[in-house]
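K.L.:
pasting a predicted model and its sequence here:
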Amino acid sequence: MSYSIRFVTTPEDLANCHDVRIKVFVDEQGYDKTEEIDDIDNECLHWLAVDQDGQAVGTARLFKYSPTTGKIGRVAVLLTTRGSGLGRLLIESIESYVIENTDLKTLALSSQVPRQGFYEKFGYTAEGEVYLDEGQPHIYMTKTLKEVN
């Protein structure tokens with residue numbers, strides 16, 4: 001199956017991102033629904049992955065964490081689509097956007113510990129100690145995209 005990734009520009013696409021996140025993080029992984037759509041969601045840039053039938057199957061977001069660092073978050077791929085390379089396409093889309101359209105030098109993320117190896121494949125490096133986020137072990141990871149002058 002083929003997939004496409006698009007930058008979210010409509011309320012409908014954002015609603016589809018939220019639907020994917022609810023299915024993955026709340027229904028599947030048991031996170032608190034009231035915490036899923038958080039206070040920074042409206043300040044984030046969002047990406048939506050759709051299948052060849054136009055169905056939403058994945059999403060991710062980017063938040064300007066500091067003047068030089070963007071933070072990737074809420075990376076979610078539906079269970080039926082995992083292992084297809086869709087997560088890689090989402091990360092590559094965000095990285096390309098950041099390189100081409102922003103002054104951000106570094107990307108950061110908070111990885112669920114079991115997903116750490118996925119991000120390491122793209123050059124993200126763990127920093128600090130494992131910590132709990134809503135009771136789940138996470139690790140902070142970063143990747144330099146542009147040299148700081």
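P.N.:
Thanks, I have it.
K.L.:
what segments of this protein are strands?
P.N.:
Ranges of strands within the chain are 3-7, 45-51, 56-64, 69-77, 106-112, 125-133, 136-144, based on DSSP state E.
K.L.:
mind checking which of the ones you listed is nearest Gly30?
P.N.:
strand 136-144 (8.7 Å; Cβ to Cβ). Every C-beta, even on glycine, is put in place using the N, C-alpha and C of the backbone.
K.L.:
in the sheet, which strands lie alongside that closest one, parallel or antiparallel?
P.N.:
Partners of strand 136-144 in the sheet, by DSSP bridges, are strand 106-112 (antiparallel), strand 125-133 (antiparallel).
K.L.:
could you dump the strands of the chain to JSON lines with mean pLDDT and distance to Leu86?
P.N.:
As requested, these are exported to JSON lines (pLDDT from 0 to 100; distance: least, Cβ to Cβ, whole Å):
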{"stretch": "strand 3-7", "mean pLDDT": "95", "distance to Leu86": "5"}
{"stretch": "strand 45-51", "mean pLDDT": "97", "distance to Leu86": "5"}
{"stretch": "strand 56-64", "mean pLDDT": "97", "distance to Leu86": "5"}
{"stretch": "strand 69-77", "mean pLDDT": "96", "distance to Leu86": "5"}
{"stretch": "strand 106-112", "mean pLDDT": "96", "distance to Leu86": "17"}
{"stretch": "strand 125-133", "mean pLDDT": "95", "distance to Leu86": "23"}
{"stretch": "strand 136-144", "mean pLDDT": "96", "distance to Leu86": "19"}
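K.L.:
need these in TSV (columns: mean neighbour count).
P.N.:
Output for those, formatted as TSV (neighbours: other Cβ atoms under 10 Å):
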stretch	mean neighbour count
strand 3-7	15
strand 45-51	21
strand 56-64	22
strand 69-77	22
strand 106-112	19
strand 125-133	10
strand 136-144	16
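K.L.:
so the residue lying closest to Ala126 once chain neighbours are set aside bridges to which residues?
P.N.:
In space, and not counting its chain neighbours, Ala126 is closest to Ile139: 4.8 Å by Cβ to Cβ, 6 or more residues apart in numbering. With DSSP bridges as the criterion, Ile139 is bridged to Ser111.
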